[in-house]
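*Asks:* Below is the structure, and that's it, no one-letter string:
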Ligand SMILES: [Cu+2]
């Protein structure tokens, strides 16, 4: 199977790995800061024994997108929700890491909310840049991030501290994603009340680590956020935006990006520009889309992450 | 940086003329493959510049300088945005959604 590699300690610093790019689920177990991957096929995936807190992640549903390679992003989100229902087992909730809509239109928000509701899980959202196109995102925040009027907030579940960030507004010319001084101050204050031993999960749309400077796939002040997180023993950063699975570990921080439920984008360095991959082989769209299940293994270190595509 | 004339004047001189039909002397900037093309153009004062998005991804045309006197709505596939550049100056702009996308209009 393609792209299944064990990450060795020599590859831990600064090196990007593209994992599980298509066709198969991967189970990630992060132990002692070094993740190991093994490919899953069908039954093996479902045989993974649930333990501790589990939750689901979806990303980049882009409701309203109707172009190659996916003329109906609502249909594939509906399929993703069916897959969530099949996999959720004891999952406590779901997170959506942004780009819920294509163009921030009320009817796109309505459609997305109705489809996501079918998963039967409480869902926490972070904004993507497509969700804040109108009126500085106020409509999105009112509807999808009621706990944070500017798109950032925190909550606790089963001893794990979850932080939802907004890094898609007030972007600077030539820059990347942006958190901004106000959000960083809030983050510092929020974390100041947490013990080093509390597991932290950070969700944001654009990767907090630089995946591709050239394509803007990173966050200008992401390092400042990561500096605040350094003292914690277990930090998991879950992102979207790039429409493909990538994983990196630095110290006690594991970074992971999720597939889209709408369309894939190329891996950096494999195309001249980002955006939808339009010329997929017939019948291959669903192998590039998917959902993610995250499992906090309470008896060892951080989290196990399982990505599952919508189809072969 | 930039606009080489008073802000109050600029606000009056910049007219959003999206509804107007195309003019023979319009200058086009294509938005394609996450770039503005041409990325830099030089035009005489009084020229209307028309940006058209050919991508399947929405983009914007936003002033790089403050205050942001150039600020398009989100442009979906096929959407255009036009501005009349009445006063000489150097106008840097970018896409507020994909800030690595940058362009310049030099008005002489
Ligand atoms: Cu753009």
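*Replies:* Sure, I can see it. What you see is a predicted model, and the numbers here were worked out from it, not measured in a lab. Numbers count the residues shown, from 1 in each chain, chains lettered A, B, ... in the order given.
*Asks:* Help me confirm that residue A:293 is found in a helix?
*Replies:* No - under DSSP: H, G, I helix; E, B strand; the rest coil, residue A:293 sits outside any helix and is assigned strand.
*Asks:* So what sits opposite the nearest residue to it once chain neighbours are set aside in the bridge?
*Replies:* Once flanking residues are discounted, residue A:293 sits nearest to residue A:306: 4.5 Å by C-beta to C-beta, 6 or more residues apart in numbering or on different chains. In short, each C-beta sits where N, CA and C put it, glycine included. Here residue A:306 sits in beta bridges with residue A:27, residue A:293, as judged by DSSP bridges.
*Asks:* didn't residue A:306 look like it was pressed against residue A:291?
*Replies:* No - Residue A:306 is beyond contact range of residue A:291, at 9.2 Å (criterion: C-beta atoms under 8 Å).
*Asks:* Show the model's pLDDT score for the residue most central in space within chain A.
*Replies:* Centroid-nearest residue in chain A, with C-alpha atoms, centre = their mean: residue A:239, separated by 3.3 Å. For residue A:239, the model assigns a pLDDT of 97.
*Asks:* Look up how far residue A:292 lies from it.
*Replies:* Residue A:239 sits 11 Å away from residue A:292, going by C-beta to C-beta, to the nearest Å.
*Asks:* Let me know the distance separating the spatially closest residue to residue A:153 that is not a sequence neighbour from residue A:169.
*Replies:* Nearest-residue entry for residue A:153: residue A:147, 3.9 Å, with adjacent residues in sequence omitted and distances by C-beta to C-beta, 6+ apart. The gap separating residue A:147 from residue A:169 is 17 Å, by C-beta to C-beta.
*Asks:* Compare these two (neighbour count), which wins?
*Replies:* Between residue A:147 and residue A:169, residue A:169 has the larger neighbour count (other C-beta atoms under 10 Å in any protein chain shown), namely 18 against 13.
*Asks:* My read is that that one contacts residue A:141, right?
*Replies:* No - contact between residue A:169 and residue A:141 fails when scored by C-beta under 8 Å: they sit 10.4 Å apart.
*Asks:* what's the overlap in contacts for the two?
*Replies:* A:127, A:151 (C-beta atoms under 8 Å, 6 or more residues apart in numbering or on different chains).
*Asks:* coming back round to it: so between residue A:306 and residue A:291, which is more surrounded?
*Replies:* Neighbour comparison, residue A:306 and residue A:291: the larger count goes to residue A:291, with 28 against 21 (by other C-beta under 10 Å).
*Asks:* so what's the more buried one up against?
*Replies:* Here residue A:291 is in contact with A:56-58, A:80, A:83-84, A:87, A:258-259, A:261, A:307-308, A:310 (C-beta under 8 Å, 6+ apart).
*Asks:* Quickly name whichever of the residues you listed is closest to chain B.
*Replies:* Of all the contacts of residue A:291, residue A:261 has the smallest distance to chain B: 16.4 Å, by C-beta to the nearest C-beta.
*Asks:* next one: phi and psi at the closest one?
*Replies:* The phi/psi pair for residue A:261 (degrees, to the nearest 10) reads phi -100, psi 10.
*Asks:* Tell me how many other residues crowd the closest residue to it other than its chain neighbours.
*Replies:* Closest residue to residue A:261 apart from its sequence neighbours, by C-beta to C-beta, 6+ apart: residue A:80 at 4.2 Å. Neighbour count for residue A:80, taken as other C-beta under 10 Å: 28.
*Asks:* how would you label the closest residue to residue A:311 other than its chain neighbours: helix, strand or coil?
*Replies:* In this structure, residue A:311 finds its nearest non-sequential neighbour in residue A:286, 2.9 Å apart by C-beta to C-beta, 6+ apart. What three-state DSSP gives for residue A:286 is helix.
*Asks:* Over to residue A:140?
*Replies:* helix.
*Asks:* That one and chain B: what is the separation?
*Replies:* Using C-beta to the nearest C-beta, to the nearest Å, residue A:140 is found at 13 Å from chain B.
*Asks:* That residue contacts residue A:105, correct?
*Replies:* No - Residue A:140 is not in contact with residue A:105 according to C-beta under 8 Å; the separation is 10.9 Å.
*Asks:* Look at the two and report which has more neighbours.
*Replies:* Neighbours per residue, other C-beta under 10 Å: of residue A:140 and residue A:105, the larger number sits with residue A:140, 25 against 16.
*Asks:* OK, contacts around the more buried one?
*Replies:* Taking C-beta under 8 Å, 6+ apart, we find residue A:140 in contact with A:100, A:104, A:109, A:127, A:131, A:132, A:151.
*Asks:* Count the neighbours of the third one for me.
*Replies:* Read that as residue A:109. So residue A:109, with other C-beta under 10 Å, has 19 neighbours.
*Asks:* So it lies in a strand, does it not?
*Replies:* No - going by three-state DSSP, the assignment for residue A:109 is helix, not a strand.
*Asks:* For my notes, confirm residue A:248 occurs in a strand.
*Replies:* Yes - per three-state DSSP, residue A:248 lies within a strand segment.
*Asks:* quick one: low-confidence ranges for the chain?
*Replies:* As the question left the chain open, I've gone with chain A. A:1-51, A:297-303 (pLDDT under 70).
*Asks:* That was the other one, I meant chain B.
*Replies:* For chain B, applying pLDDT under 70 flags the ranges B:1-22, B:24.
*Asks:* Would you mind listing what in it touches the ion?
*Replies:* Within reach of the ion by C-beta under 5 Å from the ion, chain B has these residues: B:59, B:95, B:97, B:98.
*Asks:* can you rerun that using 8 Å?
*Replies:* Counting by C-beta under 8 Å from the ion, the positions of chain B adjacent to the ion are B:31, B:34, B:55, B:57, B:58, B:59, B:60, B:95, B:96, B:97, B:98, B:101.
*Asks:* May I have the residues that are in contact with the fourth one?
*Replies:* So that's residue B:57. Residue B:57 sits in contact with A:275, A:276, B:34, B:98, where contact means C-beta under 8 Å, 6+ apart.
*Asks:* what about residue A:113, which SS state?
*Replies:* With three-state DSSP as the criterion, residue A:113 reads helix.
*Asks:* can I assume it is in contact with residue A:143?
*Replies:* Yes - assessed by C-beta under 8 Å, residue A:113 is found in contact with residue A:143 at 7.3 Å.
*Asks:* ranges for the strands of chain B?
*Replies:* Counting by DSSP state E, chain B has strands at residues B:27-32, B:35-37, B:40-43, B:47-53, B:62-63, B:80-85, B:89-94, B:102-107.
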